[in-house]
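**Q** Next comes the sequence, and after it the predicted model I'd like to discuss.
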Amino acid sequence: MFTESEFLFTAETTPNLSTDLARSAGKIDPLVGLADAINITDSPNCQTKLSSLLVAAEVKRKGLDVILQLTGRDRNRIAIESELLGALSIDVNKVLCLTGDQPAPDGPKAVNEYNGTGLIQLATHLSQGTISDGSAIDNAKTLYPGAADDLYQHQRNPEAITALMAKIALGARFVQTQYCFDIDVIRDYSDLLLRHQKPDDLKVLIGLGPLKSAKQADWMRKNLWGVNISDAIVERLENSAKPAQTGIEICQELITQIMTLPGIDGVHLMGPECERAAAKIISAFR
């Protein structure tokens, strides 16, 4: 993934609340041979799901590269290091490092020993052959940590680029952003990265998703962190006789424009149960 010069396509899957491992892993079957890697989410929205590491192992067996999402919300240092060693043992060497959605006051207890930046630093440390207390790792392997970013945060706060560059300096090898359906904002982000001398081997993927309806798009922008969807897109979905197909077309139109931008290396397709629609989006370019 880090040596490829072609435009990258990653997609996302969320394990089920189920003991049926084959069914959770099987959701990505339409993406085999199309996606460059699959993100396995880590109990998003503070909701219990089947172990993402188990699903990652099954996805690897299907021949797809995996990006394991990992939050600092639920685990202390010992558990996180064990999870990362487990990932490396099945040749999952890419991890998107996240702070994680935080529970409500009456919800489960959060640990939060590490935030996303701390996890990047920890993953980089493990790549050097020892865990955080200095103990040597037998058969040590390289981890490639990644960072999340929000394009609109850079629009609001000129200092946001400093935080992103700090994550890159700590070892982040790729960036996957929150949703952005505005090509002008994406173009500004491309220019910003180039002005701050984006490393050649850093892969930056813009977050998109196959919106299924105006109702879904409106709910997402009102309830999910970092999600900005314009009124124009919501209205286009609302006025469509086939909104799910329109959602796919919106992504394909944006990708065609994004592919021309220097400093942008791909797109990350995400959303609830989006695997089949993501495959349709990618197939137009493969």
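**A** Received the coordinates, thanks.

**Q** Is it correct that R73 falls within a strand?
**A** No - counting by DSSP: H, G, I helix; E, B strand; the rest coil, one finds R73 to be coil, located in no strand.

**Q** Quick check: chain neighbours aside, which residue is closest to N115?
**A** Leaving out its chain neighbours, the residue that sits closest to N115 by Cβ to Cβ, 6 or more residues apart in numbering is T99, at 4.3 Å. The C-beta positions use only the backbone N, C-alpha and C, and glycine is treated the same way.

**Q** Show me the strands in the stretch 101-250 of the chain, by range?
**A** Along the stretch 101-250 of the chain, counting by DSSP state E, counting those that start in this stretch, strands occupy 144-149, 174-179, 203-208.

**Q** tilt between the last one and strand 144-149?
**A** Looking back up the chat, that one is strand 203-208. Strand 203-208 and strand 144-149 are oriented at 40 degrees to each other (axes from the mean of the first three to the mean of the last three Cα atoms, to 10 degrees).

**Q** helices and strands around strand 203-208, which ones?
**A** Using 3 or more Cβ pairs under 8 Å, 6 or more residues apart in numbering; DSSP states H and E as the contact test, the elements touching strand 203-208 are strand 8-13, strand 174-179, helix 183-195, helix 243-258, strand 266-269.

**Q** re earlier: any chance of CSV for the strands of the stretch 101-250 of the chain, columns mean neighbour count, mean pLDDT and distance to Q155?
**A** Below are the strands of the stretch 101-250 of the chain laid out as CSV (neighbours: other Cβ atoms under 10 Å; pLDDT from 0 to 100; distance: least, Cβ to Cβ, whole Å):
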stretch, mean neighbour count, mean pLDDT, distance to Q155
strand 144-149, 24, 98, 12
strand 174-179, 23, 96, 12
strand 203-208, 24, 97, 14
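
**Q** of those strands, which approaches P30 most closely?
**A** strand 203-208 (17.0 Å; Cβ to Cβ).

**Q** what pairs with the residue sitting nearest the centre point of the chain across the strands?
**A** By Cα atoms, centre = their mean, the chain has its centre lying nearest to Q176, at 5.0 Å. Here Q176 sits in beta bridges with A148, L205, as judged by DSSP bridges.

**Q** residue contacts, it?
**A** Applying Cβ atoms under 8 Å, 6 or more residues apart in numbering, we find Q176 in contact with 10, 39, 67, 96, 146-149, 205, 207, 268.

**Q** Show me which of those is closest to H196.
**A** Relative to H196, the closest of the contacts of Q176 is D149; by Cβ to Cβ it sits at 12.5 Å.

**Q** ok, the closest one to T124 distance?
**A** In this view, D149 and T124 are 18 Å apart by Cβ to Cβ, to the nearest Å.

**Q** what does P105 give?
**A** The spacing between P105 and T124, counted by Cβ to Cβ, is 34 Å.

**Q** of these two, who's got more company?
**A** More neighbours surround T124 than the other of P105 and T124, with 18 against 5 (other Cβ atoms under 10 Å).

**Q** residue contacts, the more buried one?
**A** By Cβ under 8 Å, 6+ apart, the contact set of T124 is 143, 145, 170-171.

**Q** Spatially, which two of those residues are the most separated?
**A** Farthest-apart pair in those is L143 and L170; separation 12.4 Å (Cβ to Cβ).

**Q** more neighbours, these two?
**A** L143 (25 against 19).

**Q** In contact with the more buried one, which residues are there?
**A** Neighbouring residues of L143 by Cβ under 8 Å, 6+ apart: 84, 87-88, 93-95, 123-124, 126-127.

**Q** Counting neighbours, which of the residues you listed comes out on top?
**A** Per-residue neighbour counts (other Cβ under 10 Å) across the contacts of L143 peak at A123, which has 28 neighbours.

**Q** Would you check how far apart the spatially closest residue to that residue that is not a sequence neighbour and R77 are?
**A** Excluding the flanking residues, the one nearest A123 by Cβ to Cβ, 6+ apart is P145, at 3.9 Å. Distance, P145 to R77, by Cβ to Cβ: 15 Å.

**Q** And I282, which helix or strand is it part of?
**A** Counting by DSSP states H and E, the element that carries I282 is helix 275-283.

**Q** Ok, L68 next?
**A** Assigned by DSSP H and E, L68 falls in strand 66-71.

**Q** Pull the distance from that strand to the chain's centre.
**A** Relative to its chain's centre, strand 66-71 lies at 8 Å (Cα atoms, centre = their mean, to the nearest Å).
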